[in-house]
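**Student:** any chance you could fold what I've pasted below:
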Amino acid sequence: MDIALYVLAALLIVGGLAGSVLPALPGIPMVFGGIWLVAAVDDYRHLGLWWLLIIGALGTLGVIVDFIAGTLGAKRVGASQRALWGATIGTFVGMFFGIPGLLLGPFAGALVGELASGTSVLRSAHVGAATWLGLLLGTLFKLVLSFLMVGLFGLAMLFG
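**Tutor:** Numbering: from 1, shown residues only. The predicted model follows:
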């Protein structure tokens, strides 16, 4: 039975690493779930409370950054308050429309929000593009954190 659980944990970790880039999968929670499953099967001999807390804190940071990255991109270029709200709402609504919604939702939300605040179409498109760039950088950050979590997991298993 332990072998099956280790295989499931490995699948969760590999799928989570893929999910760090693919918006349809909850990457970081999958990585953490796989790591926690290994710790539980191992009776927490190698991965104790402190290792799991540190890895979990990194995962929490990644999830938070992933959710607000588009909004931060819009704010960086001086977007209006309506554009920031639009990017946030677009991110949330986009989650229900799969990959296209996750890619286009924040851009469209920021664009509509900026247009609603009375700025030009060109300025609104600039804000939308900055939102999309923020999402791209957030995805990169999430990928780095995912690999850091797996690296800490590896250190704990070797030296813990």
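
**Student:** contacting residues for the most centrally placed residue in the chain?
**Tutor:** In the chain, the residue lying closest to the centroid (C-alpha atoms, centre = their mean) is D66, at 3.6 Å. Residues near D66 by C-beta atoms under 8 Å, 6 or more residues apart in numbering: I28, G138, T139, F141, K142. C-betas here are computed from N, CA, C, even on glycine.

**Student:** next one: S146
**Tutor:** G16, L17, S20, G27, I28, V31, G62.

**Student:** in the helix or strand containing it, what counts as buried?
**Tutor:** Using DSSP states H and E, S146 sits within helix 121-159. Buried residues in helix 121-159, counted by 16 or more other C-beta atoms under 10 Å: 123-124, 126-135, 137-139, 141-143, 145-146, 149-150, 152-153, 156-157.

**Student:** which parts of the helix or strand encompassing the residue nearest to the centre of the chain are buried?
**Tutor:** Under the criterion of DSSP H and E, D66 resides in helix 49-76. For helix 49-76, a neighbour-count test (16+ other C-beta under 10 Å) marks 51-52, 55, 58-59, 62-63, 65-66, 68-75 as buried.

**Student:** ditto for stretch 93-108
**Tutor:** Neighbour counts over stretch 93-108 (16+ other C-beta under 10 Å) mark G94, G101, L102, L103, L104, G105, P106, F107, A108 as buried.

**Student:** same deal with stretch 107-122?
**Tutor:** Buried, per 16+ other C-beta under 10 Å, within stretch 107-122: F107, A108, G109, A110, L111, V112, G113, E114, L115, S117, T119.

**Student:** closest to A87 out of the residues you listed?
**Tutor:** A110 (4.0 Å; C-beta to C-beta).

**Student:** the closest one and R123, how far apart?
**Tutor:** Distance, A110 to R123, using C-beta to C-beta, to the nearest Å: 11 Å.

**Student:** low-confidence stretches in this protein?
**Tutor:** 23-24 (pLDDT under 70).

**Student:** which residue, other than its chain neighbours, is closest to A18?
**Tutor:** Nearest non-adjacent residue to A18, counting by C-beta to C-beta, 6 or more residues apart in numbering: L25, 6.4 Å away.
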